[in-house]
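Colleague: Sequence first, predicted model second:
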Amino acid sequence: DWEYSYQTYLNFPTVNLSNSGDTSSSCLERFDSDVLPFRPRYLIILEGTNSIRGGASAAEVASDLKALRDKCLKNNIRPIFLTLPPINPDSISKVFGEETAPNWREEMDSLNEFIRTLPHIDIASLFNYPDGIMPPALSLDGLHPDITAKRKMAELINSKFPELIRTLP
C-alpha cells in the first residue's frame, strides 16, 4: 500500500529500493545488484531495525552501515542515513510471534548515536516516547510505522533534505 510508504509523501522523485525484512547485512549484500543499476545521486538509508531486534549489536550494524557508505561514495552516490524510530516488542510478539532481543533499546540508542555522526536526518527525534517504545497507535505491528508516522517522517525529510544535500561533497 502506497499510503504506508513515506516515499509517497516526499516532495521529490524517488525509487523505493527497500526490501521488507532486510537486515543490515542483507541490504549490504544486495547493494550492487539493486542500487547500482539505478545510479542514484542520493541514497536515503533506513536500516538496522531488523538486525537490532534480532540480536545484532550496534557495532555489527554500524560496520554494515559504514560499508554501505563506502560503497555509495565509491560509486558517486551521496548516502543520507535516517536514525531508527523505536519499536514495540509486545506488538511484534503479538503480530509476528517473534521475540525481540532484550537489549534492543540500548543497542538501538547506540546505533542512532553512530548514525548521528554521519550525514543524517534524525527520524528518531519524532518518536521520543516514554521508555522508548513506539505506541500501538503509530505502529500496529510494533515494527512498521503506520500512515500517520510515515507522513511525519516524510515531513521531516522534506524539510531537512534540501539543506542536507547542500552540505554534502
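Modeller: Arrived safely, thanks for sending.
Colleague: contacting residues around the longest helix along the chain?
Modeller: Among the elements of type helix in the chain, defined by DSSP state H, the one spanning the most residues is helix 147-167. Counting contacts by C-beta atoms under 8 Å, 6 or more residues apart in numbering, the residues outside helix 147-167 that touch it are 3-12, 42, 44, 78, 80, 82, 85, 119, 121-123, 126-127, 134, 137-139, 145. (Glycine included, C-beta is placed from N, CA and C.)
Colleague: Just the buried residues of that helix, please?
Modeller: Within helix 147-167, the residues scored as buried using 16 or more other C-beta atoms under 10 Å are Ala149, Lys150, Lys152, Met153, Ala154, Leu156, Ile157, Phe161, Leu164.
Colleague: which residues of the protein fall in strands?
Modeller: Under the criterion DSSP state E, the chain contains strands at 42-45, 78-82, 120-121.
Colleague: need those in CSV with mean pLDDT, can you?
Modeller: Converted to CSV, the strands of the chain look like this (pLDDT from 0 to 100):
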stretch, mean pLDDT
strand 42-45, 96
strand 78-82, 97
strand 120-121, 97
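Colleague: Next one: the residue at minimal distance from the centre of the chain from Pro130, what distance?
Modeller: The central residue of the chain, meaning the one whose C-alpha is nearest the mean C-alpha position (C-alpha atoms, centre = their mean), is Leu46 at 2.0 Å. Taking C-beta to C-beta, to the nearest Å as the measure, Leu46 and Pro130 are separated by 23 Å.
Colleague: same thing with Lys74?
Modeller: 42 Å.
Colleague: again, but for Leu168
Modeller: Distance from Leu168 to Pro130, counting by C-beta to C-beta: 35 Å.
Colleague: for Leu156, same thing?
Modeller: In this structure, Leu156 and Pro130 are 21 Å apart, going by C-beta to C-beta.
Colleague: Just want to know which of Leu168 and Pro130 has more residues nearby.
Modeller: Looking at Leu168 and Pro130 with other C-beta atoms under 10 Å, you find the greater number of neighbours at Leu168, namely 11 against 6.
Colleague: which ones are touching that one?
Modeller: For Leu168, the set of contacting residues under the criterion of C-beta under 8 Å, 6+ apart consists of Tyr42, Arg78, Ile80, Pro119.
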